[in-house]
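**Student:** got a predicted structure plus its sequence, pasted below:
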Amino acid sequence: SRYVLALDGLRKAVGMTSMSSRKTEGVIRRAFVMSVNPDQAEEYERRHRPIWPELEQVLLDHGVQTYSIFFLPTTNQLFAYTEYDSVEQWESVAETEVCKQWWQHMKDIMPTKPDSSPVTSDLKEVFHIEK
């Protein structure tokens, strides 16, 4: 439809190359996959229980409504799901000092990019239902 094409064009303009997140009633839903290095799942979970309070506050202050990460032991994959208010706010989290420090803290247990951010692959939403 014309709406989907316009939305896809907007996503491309802000650097999102696929329909990897969907907006419903003002909230953007996004899912992506990361991975943890072999034999590091327990350490990954330990570092997230709890995450740093400052990082949690940055996420909340940047419009994150919900954020969950799930682990698939057979492949060492991490499935992340988040809902947030705007792409601009979500992307600006990466510019905060606490986020950069968190990436440094995590880079020894998971694949990362040169800036120490985790390697991610966006997932395309193929089904959604809500009440």
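**Tutor:** All right, it came through fine. Numbering: from 1, shown residues only.
**Student:** for the protein, what helix or strand is lowest in average pLDDT?
**Tutor:** helix 2-13 (a mean of 38; mean pLDDT, DSSP states H and E).
**Student:** number of nearby residues for Lys113?
**Tutor:** 11 (other C-beta atoms under 10 Å). C-betas here are computed from N, CA, C, even on glycine.
**Student:** which residue packs closest to it, ignoring adjacent ones?
**Tutor:** The spatial neighbour of Lys113 that comes closest, neighbours along the chain excluded (C-beta to C-beta, 6 or more residues apart in numbering), is Val119 at 6.0 Å.
**Student:** residues contacting the one you found?
**Tutor:** Applying C-beta atoms under 8 Å, 6 or more residues apart in numbering to Val119 gives the contacts Met34, Ser35, Met110, Pro111, Thr112, Lys113.
**Student:** could you rerun that using 10 Å?
**Tutor:** Counting by C-beta atoms under 10 Å, 6 or more residues apart in numbering, Val119 touches Val33, Met34, Ser35, Met110, Pro111, Thr112, Lys113.
**Student:** now the buried members of those.
**Tutor:** Neighbour counting with 16 or more other C-beta atoms under 10 Å marks Met34, Ser35, Met110, Thr112 as buried within these.
**Student:** within the helices and strands, which one has the third one?
**Tutor:** In this structure, Met110 is located outside every helix and strand according to DSSP states H and E.
**Student:** how about it, phi and psi?
**Tutor:** Main-chain dihedrals, Met110, degrees, to the nearest 10: phi -150, psi 160.
**Student:** looking at it now. What's its pLDDT?
**Tutor:** We have a pLDDT of 98 for Met110.
**Student:** surely it meets Tyr44?
**Tutor:** Yes: if you go by C-beta atoms under 10 Å, Met110 and Tyr44 touch, sitting 6.8 Å apart.
**Student:** quick check: neighbours shared by these two?
**Tutor:** Met34, Ser35, Val36, Asn37, Asn76, Leu78.
**Student:** what's the helix or strand for the first one?
**Tutor:** Secondary structure from DSSP H and E places Met34 in strand 27-35.
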